[in-house]
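Visitor: this one's sequence-less:
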């Protein structure tokens, strides 16, 4: 139960309301104002203005919820057309009457109404034939629980707390001990794939022990495109649309109606600007020390194009297109040109040193997304002293065997939208998220190849300035 709102004593309006609050632990999830009203047959025209103002007062402080109006209005709600004052009241508050039978004894008029908003469903609306005084009793079942926006829940595997808050000194000691124990089990027959697998297992065992993964239920809440819109603004918008339809129907001959429409349109525009400004002011104050969230708000404020939401995408079609890129025989020569398996005699990649690997680890970008091994780059950067030796051993074995570790070839493929129709799979391009360790090896090989190409003028002439440093 929420609060009760009575009509003012100095008013002729006979109305009362109650607000039902649907709660979950610690918060209100939905509100339903129920307004009960009686309009005497001898009431004046000003009744409808007082009643509309009364409903606005009841619903002004309610951000979420619907509206239900019950009572005897003493107007025939079955007539065609509807009485103008009743029709305007329904349009202003976006409600409809669900009673479709006469409610008065020995009459064909419907005086007793149940007006509800579109997000409430009325089931089994019955008029009880046994008369109570000169009116029938009206009974209806309103379904409101199914209309509450229940956010979709998904299960994700995440860490208990961000890695940036962990004690990396302790983690470095544990990783060093685990790698030392693993290194004692390595023999001369151990291949580069076995080295990579054992290294990966040791790192993940320490991570799972110090910062284990947990399974959480995440709510996917679909936010309103205009979260600053209140019930007052919604009612004003409905009123503007109703007047717009009437102006289009009658034309510009009715000057009073046209002036009313322009007034409501002007009020709606000013109210929307005021609410929008107040909303973004409050949002910017709440993320005052969060630059990333500030940019998200800035993009929304400037109406920049948001990232793809994933709606309307044929995920199976996108996957099939990506698979054809590497399985289509006609495309294989493009991926593996003829003669690429031959090793030029002039190409010789020197063995990496611990010093070189340390330099690469110190320059890693901690914001880069990890690959399928889920080992983040911040771990490599903060624990570089204990990881450099083991990575150097793996890279040496890879160069000696002329084989890239199979574990480093695994990638998480993400589809990025290029433009056009989102339902067309070919409008997406694949992006592979590789393990951070593979990027370290690739950077070492890249530096050696770059040095080789720049030192040999027969491969890249000095007149070539593009894609070269300091040119």
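Guide: Perfect, I can see it now. Please read all numbers here as calculations on a predicted model, not as lab measurements. Residues are numbered from 1 along each chain as shown.
Visitor: where is the longest helix in the protein?
Guide: In the chain, taking DSSP state H as the definition, the longest helix is helix 255-286.
Visitor: which positions within that helix qualify as buried?
Guide: Using 16 or more other C-beta atoms under 10 Å as the test for burial, helix 255-286 gives 257, 258, 261, 264, 265, 268, 271, 272, 275, 276, 279, 283. All C-beta spots, glycine's among them, are computed from the backbone N, C-alpha and C.
Visitor: show me the contacts for the last one.
Guide: Applying C-beta atoms under 8 Å, 6 or more residues apart in numbering, we find residue 283 in contact with residue 297.
Visitor: neighbours of residue 298, how many?
Guide: Residue crowding around residue 298 was assessed by other C-beta atoms under 10 Å; the count is 12.
Visitor: that one falls within a helix, correct?
Guide: Yes - Residue 298: assigned to a helix according to DSSP: H, G, I helix; E, B strand; the rest coil.
Visitor: contacting residues around it?
Guide: Contacts of residue 298 (C-beta under 8 Å, 6+ apart): none.
Visitor: against residue 398, how distant is it?
Guide: Taking C-beta to C-beta, to the nearest Å as the measure, residue 298 falls 45 Å from residue 398.
Visitor: pLDDT value on the residue sitting furthest away from the middle of the chain, please?
Guide: The centre of the chain is farthest from one residue, residue 106, which by C-alpha atoms, centre = their mean lies 56.3 Å away. pLDDT recorded at residue 106 is 73.
Visitor: the helices in the stretch 151-300 of the chain, which residues?
Guide: Along the stretch 151-300 of the chain, counting by DSSP state H, counting those that start in this stretch, helices occupy 168-183, 192-210, 231-250, 255-286, 291-301.
Visitor: which stretches of the stretch 301-450 of the chain have low pLDDT?
Guide: Counting by pLDDT under 70, the stretch 301-450 of the chain has low-confidence residues at 303-316, 323-347.
Visitor: kindly recompute the last result at 90.
Guide: For the stretch 301-450 of the chain, residues meeting the criterion pLDDT under 90 lie at 301-351, 366-376, 378-379, 400-402, 409, 411-432, 444-450.
Visitor: would you map the strands across this structure?
Guide: In the chain, the segments counted as strands under DSSP state E are 4-6, 14-24, 27-38, 68-72, 95-97, 112-117, 121-132, 135-143, 152-159, 213-220, 412-417, 428-433.
Visitor: packing partners for the third one?
Guide: Spelled out, it's strand 27-38. Counting contacts by 3 or more C-beta pairs under 8 Å, 6 or more residues apart in numbering; DSSP states H and E, strand 27-38 packs against strand 14-24, helix 46-59, strand 68-72.
Visitor: out of these, flag the one nearest residue 140.
Guide: Closest approach to residue 140 among these (C-beta to C-beta): strand 68-72, 9.4 Å.
Visitor: can you give me the mean pLDDT across that closest one?
Guide: 89.
Visitor: in that strand, what's buried?
Guide: 68, 69, 70, 71, 72.
Visitor: before we move on, what about stretch 364-379?
Guide: Applying 16+ other C-beta under 10 Å to stretch 364-379 flags 364, 370, 371, 373, 375, 376, 377, 378, 379 as buried.
Visitor: ok, the second one touching residue 364?
Guide: Right, residue 370. No - judged on C-beta atoms under 8 Å, residue 370 makes no contact with residue 364 at a distance of 11.2 Å.
Visitor: mutual contacts of these two, please.
Guide: 377, 436.
Visitor: count of residues packed around residue 396?
Guide: Quick note: residue 396 (other C-beta under 10 Å) scores 15 neighbours.
Visitor: what of the one 3 residues further on?
Guide: Residue 399 is surrounded by 20 other residues when neighbours are defined as other C-beta under 10 Å.
Visitor: surely it and residue 393 touch.
Guide: No - the criterion here is C-beta under 8 Å, and residue 399 misses it with residue 393 at 11.2 Å.
Visitor: farthest-apart pair in the buried residues of helix 255-286, please.
Guide: 257 and 283 (38.5 Å).
Visitor: please name the nearest non-neighbouring residue to residue 232.
Guide: residue 60 (5.9 Å; C-beta to C-beta, 6 or more residues apart in numbering).
Visitor: state the pLDDT value of that neighbour.
Guide: Taking residue 60 on its own, its pLDDT is 72.
Visitor: show me what contacts it?
Guide: Counted by C-beta under 8 Å, 6+ apart, residue 60 has contacts 230, 231, 232.
Visitor: so who does the nearest residue to the second one once chain neighbours are set aside touch?
Guide: Once its chain neighbours are removed from consideration, residue 231 has its nearest residue in residue 59; the separation is 4.8 Å (C-beta to C-beta, 6+ apart). Residue 59 sits next to 33, 65, 67, 93, 231, 232, 235 when contact means C-beta under 8 Å, 6+ apart.
Visitor: now, of these, which are buried?
Guide: By 16+ other C-beta under 10 Å, these give 33, 65, 67, 93, 231, 235 as buried.
Visitor: ok, the closest residue to the third one other than its chain neighbours to residue 428 distance?
Guide: Think residue 67. With C-beta to C-beta, 6+ apart as the criterion, residue 67 has its nearest non-adjacent residue at 5.1 Å, and that residue is residue 117. For residue 117, the distance to residue 428 (C-beta to C-beta) stands at 40 Å.
Visitor: between those two, who's got more neighbours?
Guide: Comparing residue 117 with residue 428 by other C-beta under 10 Å, the one with more neighbours is residue 428, at 23 against 17.
Visitor: which strand residues bridge that one?
Guide: With DSSP bridges as the criterion, residue 428 is bridged to residue 417.
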